[in-house]
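Undergrad: Fold the stuff below for me.
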Amino acid sequence: MVLTWGAAILAGGGAVAAALGLMLFAKDGRRIGALGCGVLGTFTALVSGAILLFQQGFQGPLLVIAIAALAIMLLGTIVGYPVLVLFLLWSGVTVLRRESRSLSNGLALLAGVGMVVLPFTLRALEPAGAMQESVWYITRYGMHSAAVLVVGYVAVVFAIFLIASLLYRWRRLRIMPEAVIILGAGLIDGQVPPLLQGRLRRGLEVQRSFDPAPVIITSGGQGADEPRAEGVAMREYLIAIGAEPEGVIAETESRSTRENLYFSQQLLTDPHAAVVVVTSNYHVFRAALLTRSMELRAHVVGSKTAWYYLPSAVLREFAGVVRDQLRIHLSIVGALVVLGLVSSFILVPAMIPPPGT
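TA: Predicted structure coming up:
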């Protein structure tokens, strides 16, 4: 009876959380927390619902659907893990061959190697032999449990980030912008490099899709190793490929993405007007999260990036998003570690059979 009521409460709560989270995310694709609530609520509702239906002896289509959905998730994890490892290793080696050899470009390779080592590390932490009530055995059991919980948490957070990023990029552009803000990137010998050219061409394409055409703001200051401001070089490039000079304004004070948006906003006749922000496709969602934190009416679109560069770039963006909410994530990780250690001192003694049995 207790299990039945518990499953029913979890199934109902999960369904409500899923509906509320997905509804809020559908309204504003920048609400990553809402999507997380929706995904976890859906999973909770499926698991609890399957248990409840099985407990009641119900074998209709709902039970089949719940079990099938869980089986697909499990199969996707089992098959997807080695595929993801191979892809990360392949793309990591490729990007290091074609681009500069830096830590940021090596993230995909490091992640691939880490995923190869991870199962062996977790296995090494797992205590061997029959269960014992010794403090060392219980502590090691708790360390293994804590490691599994933390790895699972990171995997879930990354999956939610990836899903949110993809869903946001597929959202339709539904605003009439006053301006198209193109985010800058580093210049090479004072000239616009290919990655930045892609952003500028995408921004010009967006401008030409509206009537009347919004103004373009090329946003980027002058770095310590740059002979001129990025915004100026970007404006010159746009005019050279056919943009109307009076329709392009250069913003030259910014040094970061936040400053790109802030200083560009100051150039608008209405600081609260809707804008389209253009960046590289891997940077779209993080930029979108930033526009939400700054309370901007904005839609972010991306330009294409070489496929082999995407894994390292996406991992770098994920690390940036986690860093932006570092206190929250560290608090959750700390709570999971404590949960793993404390629960082991309760569960291990309870699982040891009494003497003589």
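
Undergrad: List the buried residues of the helix or strand encompassing residue 115.
TA: Using DSSP states H and E, residue 115 falls within helix 107-125. By neighbour count with 16 or more other CB atoms under 10 Å, helix 107-125 contains the buried residues 107, 108, 109, 111, 112, 115, 125. Using the backbone N, CA and C atoms, a C-beta is placed for each residue, glycine as well.

Undergrad: Stretch 13-28 too?
TA: Those would be 14, 15, 17, 18, 21, 22, 25, for stretch 13-28 by 16+ other CB under 10 Å.

Undergrad: before we move on, what about stretch 215-228?
TA: In stretch 215-228, counting by 16+ other CB under 10 Å, buried: 215, 216, 217, 218, 219, 220, 221, 222, 226.

Undergrad: Please apply the same query to stretch 298-315.
TA: Buried, per 16+ other CB under 10 Å, within stretch 298-315: 298-303, 305, 308-315.

Undergrad: how long is it from one end to the other?
TA: 24 Å (CA to CA, to the nearest Å).

Undergrad: Test my guess that residue 20 contacts residue 36.
TA: No: between residue 20 and residue 36 there is no contact under CB atoms under 8 Å: 12.0 Å.

Undergrad: Quick check: pLDDT value at the residue nearest to residue 29 when sequence neighbours are not counted.
TA: Residue nearest to residue 29 in three dimensions, not counting chain neighbours: residue 168, with 4.3 Å by CB to CB, 6 or more residues apart in numbering. Looking at residue 168, its pLDDT reads 92.

Undergrad: Could you give the separation of the strand or helix carrying residue 168 from the chain centroid?
TA: For residue 168, the element it lies in under DSSP H and E is helix 135-169. Its chain's C-alpha centre and that of helix 135-169 lie 14 Å apart, by CA atoms, centre = their mean, to the nearest Å.

Undergrad: nearest residue to the residue nearest the centre of the chain other than its sequence neighbours?
TA: Nearest to the mean C-alpha position of the chain, by CA atoms, centre = their mean, lies residue 161 at 2.3 Å. Using CB to CB, 6+ apart and skipping the chain neighbours, the partner closest in space to residue 161 is residue 318 (5.4 Å).

Undergrad: ok, the one you found - contacts?
TA: Going by CB atoms under 8 Å, 6 or more residues apart in numbering, residue 318 touches 158, 161, 162.

Undergrad: Residue ranges in this structure under the pLDDT threshold?
TA: 1-7, 53-67, 69-70, 73, 75-80, 98-104, 128-131, 350, 353-357 (pLDDT under 70).

Undergrad: Among the buried residues of stretch 298-315, which ones are in helices?
TA: In helices, judged by DSSP state H, the following of those are found: 310, 311, 312, 313, 314, 315.

Undergrad: ok, for the first one, nearest residue in space, not its chain neighbours?
TA: In this case it means residue 310. residue 282 (5.7 Å).

Undergrad: The one you found touches residue 305, doesn't it?
TA: Yes: between residue 282 and residue 305 there is a contact under CB under 8 Å: 5.7 Å.

Undergrad: what touches both of those two?
TA: residue 313.

Undergrad: where exactly do the strands run in the stretch 201-350 of the chain?
TA: Counting by DSSP state E, counting those that start in this stretch, one finds strands in the stretch 201-350 of the chain at the ranges 215-219, 248-251, 275-280, 298-303.

Undergrad: and the angle for the last one with strand 275-280?
TA: Using axes from the mean of the first three to the mean of the last three CA atoms, to 10 degrees, one finds that strand 298-303 and strand 275-280 are set 30 degrees apart in direction.
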